[in-house]
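K.L.:
here is my input; please provide its structure:
(one chain, ligands or ions: 2)
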Amino acid sequence: MALYCDVALPVPLDRLFTYACGLVQPVVGARVIVPFSGQRLMGVVARVHDDAPAEGIEVKPVQAVLDEAALVPDELMKLAGWIAQYYVAPLGEVLRGMLPLNAEVKRQFVYRIGEAGRRVLYDGAAKGASRRSKLTPEEQNREYAVLNYLEDGEAAKASALRSATQANKGLLDGMVKKKWLIREAAAEERDARRLERVAVLQGREQGTGNRDQEGGQVADPLSLIPALRLPKLNENQLAVMAELAAVGGRMQVRDLRDALKRLGVPESSLGTLVKRGLVGIEEVAQAFDMGGVHAAGKKFAHEHALNETQMEALGTIAVALERNKFAPHLLYGVTGSGKTAVYLAAMQRALAAGKSSLMLVPEIGLTPAMTGQMVAAFGGEVALLHSGLTPDERAEQWHRIRRGEAKIVVGTRSAVFAPVVGLGLVIVDEEHDSSYKQEETPRYHGRDVAVMRAKFNDAVVVLGSATPSLESWANAERGRYARVEMLNRVADRPLPAVELVDMRAEFQAVGKEEVFSRKLLEETQATLDRGEQAIILLNRRGYSFVVMCRSCGEKIECENCAISMTYHKPVEGSDGRAQTGQRLECHYCGFRRSVPKVCPKCESEHLYYMGAGSQQGEERLQELFPGARIGRMDRDTVRGRSDMERLLTRLHAGEINLLVGTQMIAKGHDIHGVTLVGVVGADFALGLPDFRAAERVFQLLTQVSGRAGRGDLPGKVVVQTYHPDHYAIQFAAKHDYPSFVAKEMNYRRWMHYPPYAVLANVVIQSDKLEEATGWSTALGRWFEKTTLKNVRVLGPAAAPIVRLKRIYRYHFVLKAEKRQVLGETLRAMLQFAEEKGIPRKGLVVDVDAVHLM
Ligand SMILES: Nc1ncnc2c1ncn2[C@@H]1O[C@H](COP(=O)(O)OP(=O)(O)OP(=O)(O)O)[C@@H](O)[C@H]1O
Ligand SMILES: [Zn+2]
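P.N.:
Numbers count the residues shown, from 1 in each chain. Ligands and ions are numbered 1, 2, ... in the order given. Okay, here's the model as predicted:
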């Protein structure tokens, strides 16, 4: 028995905390509850030992051990340790991000009656309350109530017990101590599949075949209602029956309730029908959301045998899989080269060899087709992890994966921590996507963690993209990653021809600022006339992204941020969109204000709206092409997965033939009818103060161009630009990734930027300006005084966004040749900051920062 354990706590302090083990000895990887500065915190045990603490230091005892066995597998503890070290983040915060189980600590205990409890219940009933008890008679009554409630041997949740018996936590704890009750963690036992309650019309054969996937109507709904029983029903009850009959006699209770609410029918009517045996309630086990996802896969995807290039790519991966060794690959495959099919086939190979696969995607909601194909191919083996899950659902999936029940895990960034058993293959789709970087502590990069995860598991990892990040490309060049190439589109389809429109010349010719060039309008008209589809990228949402005063020149800024506010026109509620009034909105903090009539600074009436966002784009296109069926895809119109699916369904069906939207439209979509892509104002990003500006613009242009010509007809792209000679634009227009990379690498080498150096962004932040500047100055002096080997320090400087959410921000950029040196420098800096009294939360350390804003 060890005496002590070191616990990683979710606090912003880079160290472990020692506690005394009680009678229950926790193992490494188990969760414990410990006292910490007046609070109870959940942490994970990182080490157990007998090292006595230093003289005079009081070690408090662990209050509770939540897991008997390690909840965090060894492999993930190792990964957490690596992340803490690499990203200079507290281990406890890393672990907190790994475990989606916080909800469980509070709620997921169940109580069961124990042997002793049963004896008390029966004896007590015979003898009456014990006189020796220290409890008041009232409390004793409550104890009996609890025992009574649990008599049938079923476990009950604490919340249910409490509301049924008025027993409080203390009372239950006391009963557990007396062994009258047994307390268990519920999550381990729970079935990961949710039980879906389904209402079923009784009294006739229920075929499942008559349920129309698309929600269509069955021929004569009322014919399904058992005629004999009709006379006994009142109007409300009939309405329930009709509602059920209309969908073929089966409906999820949840949906039925919604329907009844709309109809103004009280829920009790359903209850009555159930009591009278006319409607049955079935509990059907259903894996999370799979039904809908499966349908999406079928709807949006086509099946093909792999072509030669795909076979070759698969072959390389398959050979690596057989070796059971860490083998990183970069799959460079142009847009429409059929990477998805290769991923699927590779996962199939892994599964056949008894191994699990983990696949990361940037955002599940954006690519229902991708996840749909996974579910269609692997069915119940799939677990989907995404941000739309409730904490309970997330925990369910987590346990399901941990038990080895899901061998295919697909998810966004944090899915890289899924406790997959027998991991053999890790795939990162669209590996260049910046959403893999977490923008809060721990600021890890999901792609890079995925590579390490594969390494710790002797697994194969595949990073796939049509526009690989320069970091991954450099790793391939240096021989660290094997490069697999798919340089052509499937079925000999050509990449689309790209035409650049010089917007400076356009302005000269037209004499005024127009959102759309004549060329783009002409091509759009032609595309619509041919019965084909067009999509136009306008990479800002809202109507106008700058509101400026013509008199004083001020831009209207957010109250909380140094950011121009975006004007949004009012939206009429339709098509699932909520009705909203006109407003100014900050896209960084969400702050909204009414639209002022006069300039807030100088009270001039000459406010000027500049910069067209997607909302304005839609409006202009509506005016220009009154016959077009226009759709818009941005954060205002797509709030969740169902919005996205609805839009995509309409696009695939050709119901929408002109789509305008933000970079969302560039991501992975495979819509065969699209033959024209227009790009408006994407090059403004070239001017952002970020060394990755060119890379981002190149990626966006290439990805969005890649949406054109994916079907039988060739595609065309029109790019409007003020920088037609910029190499990012030029190479994107020629689909020439290798040349772009070669040129960009030179610049990075010259400027000592990644991938030729390792970089960290250190942001100094405070809601008080004096503090932010004072701390920056102090740190700046420390950097000057300290001899740093091979580390360049830029700053302190005001961050490009100097005020964000009411916080003032200054920053340093550190560049080093060696990662170890960078890490040492950052730790020394944190040490100094602590001595100097700069609070840890005043310092953001962002290793491998993706955004320097
Ligand atoms: N062997 C094949 N023959 C014909 N079509 C195929 C083949 N493999 C895949 N496809 C089809 O090619 C299209 C593009 O495939 P996919 O979406 O996987 O491309 P991708 O490489 O992921 O492109 P992007 O990077 O643009 O997302 C899909 O419609 C897919 O069904
Ligand atoms: Zn703001």
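K.L.:
low-confidence bits of the stretch 151-300 of the chain, can you list those?
P.N.:
185-196, 203-232, 283-300 (pLDDT under 70).
K.L.:
the chain now?
P.N.:
Along the chain, the parts satisfying pLDDT under 70 run over 101-108, 124-133, 185-196, 203-232, 283-302, 573-580.
K.L.:
next up, the contacts around residue 200.
P.N.:
Residue 200 is in contact with 206, 244, 249-250, 279-282, counting by C-beta atoms under 8 Å, 6 or more residues apart in numbering. C-beta here means a position set from N, CA and C on the backbone, and glycine is covered the same way.
K.L.:
what about the residue nearest to it when sequence neighbours are not counted, which helix or strand?
P.N.:
Nearest non-adjacent residue to residue 200, counting by C-beta to C-beta, 6 or more residues apart in numbering: residue 280, 4.7 Å away. For residue 280, the element it lies in under DSSP states H and E is strand 279-286.
K.L.:
count of residues packed around the nearest residue in space to residue 277 that is not next to it in sequence?
P.N.:
Leaving aside its sequence neighbours, residue 277 sits nearest to residue 202 (C-beta to C-beta, 6+ apart; 6.1 Å). Residue 202 has 16 neighbouring residues, counting by other C-beta atoms under 10 Å.
K.L.:
so which strand or helix has residue 179?
P.N.:
Using DSSP H and E, residue 179 is not contained in any helix or strand.
K.L.:
and the nearest residue to it once chain neighbours are set aside, how close does it get to residue 22?
P.N.:
In space, and not counting its chain neighbours, residue 179 is closest to residue 116: 4.4 Å by C-beta to C-beta, 6+ apart. Distance, residue 116 to residue 22, by C-beta to C-beta, to the nearest Å: 22 Å.
K.L.:
do the same with residue 75
P.N.:
Relative to residue 22, and taking C-beta to C-beta, residue 75 is found at 28 Å.
K.L.:
same question for residue 322.
P.N.:
Look at residue 322 and residue 22: by C-beta to C-beta, they are 48 Å apart.
K.L.:
buried ones in stretch 19-31?
P.N.:
Across stretch 19-31, burial judged by 16 or more other C-beta atoms under 10 Å covers 19, 21, 26, 29-31.
K.L.:
list of residues touching that stretch?
P.N.:
So stretch 19-31 is contacted by 1-5, 7, 32, 34, 42-48, 59-62, 65-74, 76-77, 99, 101, 105 (C-beta under 8 Å, 6+ apart).
K.L.:
could you turn the buried ones of those into a ChimeraX selection?
P.N.:
Selection of the buried residues among the contacts of stretch 19-31 in ChimeraX, burial being defined by 16+ other C-beta under 10 Å:
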select :4,5,7,32,34,42,43,44,45,46,48,62,65,66,67,70,71,72,76,77,99,101,105
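K.L.:
show me where the stretch 1-150 of the chain has strands.
P.N.:
4-8, 17-20, 31-36, 39-49, 64-65, 109-113 (DSSP state E, counting those that start in this stretch).
K.L.:
these: which one's closest to residue 685?
P.N.:
Closest approach to residue 685 among the strands of the stretch 1-150 of the chain (C-beta to C-beta): strand 4-8, 39.2 Å.
K.L.:
which strands and helices lie in contact with that closest one?
P.N.:
Applying 3 or more C-beta pairs under 8 Å, 6 or more residues apart in numbering; DSSP states H and E, one finds that strand 4-8 contacts strand 17-20, strand 31-36, strand 39-49, helix 91-98.
K.L.:
who in the stretch 551-700 of the chain is up against ligand 1?
P.N.:
Proximity of the stretch 551-700 of the chain to ligand 1, by C-beta under 6 Å from any ligand atom, involves residues 668, 670.
K.L.:
near ligand 2, which residues of the stretch 551-700 of the chain? Just list them.
P.N.:
For the stretch 551-700 of the chain, the contact set with ligand 2 under C-beta under 5 Å from the ion comprises 558, 560-561, 586, 588-589, 591.
K.L.:
of those residues, keep whichever come out buried.
P.N.:
Judged by 16+ other C-beta under 10 Å, buried ones among these: 558, 560-561, 586, 588, 591.
K.L.:
okay, these in TSV with distance to residue 358 and secondary structure next?
P.N.:
Formatted as TSV, those follow (distance: C-beta to C-beta, whole Å; DSSP: H, G, I helix; E, B strand; the rest coil):
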residue	distance to residue 358	secondary structure
558	39	coil
560	38	coil
561	37	coil
586	37	coil
588	32	coil
591	38	coil
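K.L.:
right, and residue 245 touches residue 201 too?
P.N.:
Yes - Residue 245 lies in contact with residue 201 (C-beta atoms under 8 Å); the separation is 6.3 Å.
K.L.:
who has more neighbours, those two?
P.N.:
Shown here are residue 245 and residue 201; by other C-beta under 10 Å, residue 201 has more neighbours (22 against 19).
K.L.:
about what we covered before: now for the buried residues of stretch 19-31: which two are most distant?
P.N.:
Using C-beta to C-beta, the pair of the buried residues of stretch 19-31 lying farthest apart is 19 and 29, separated by 15.7 Å.
K.L.:
how about the helices in the stretch 51-200 of the chain?
P.N.:
Counting by DSSP state H, counting those that start in this stretch, the stretch 51-200 of the chain has helices at residues 74-86, 91-98, 102-107, 115-127, 137-149, 158-165, 169-177.
K.L.:
any idea what residue 484 is structurally, helix, strand or coil?
P.N.:
Residue 484 falls in the strand class when you classify it by DSSP: H, G, I helix; E, B strand; the rest coil.
K.L.:
number of nearby residues for it?
P.N.:
Using other C-beta under 10 Å, residue 484 has 23 neighbouring residues.
K.L.:
the contacts of residue 200, buried ones only, as a ChimeraX selection?
P.N.:
Only the buried entries of the contacts of residue 200 go into this ChimeraX selection, using 16+ other C-beta under 10 Å:
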select :206,244,249,250,279
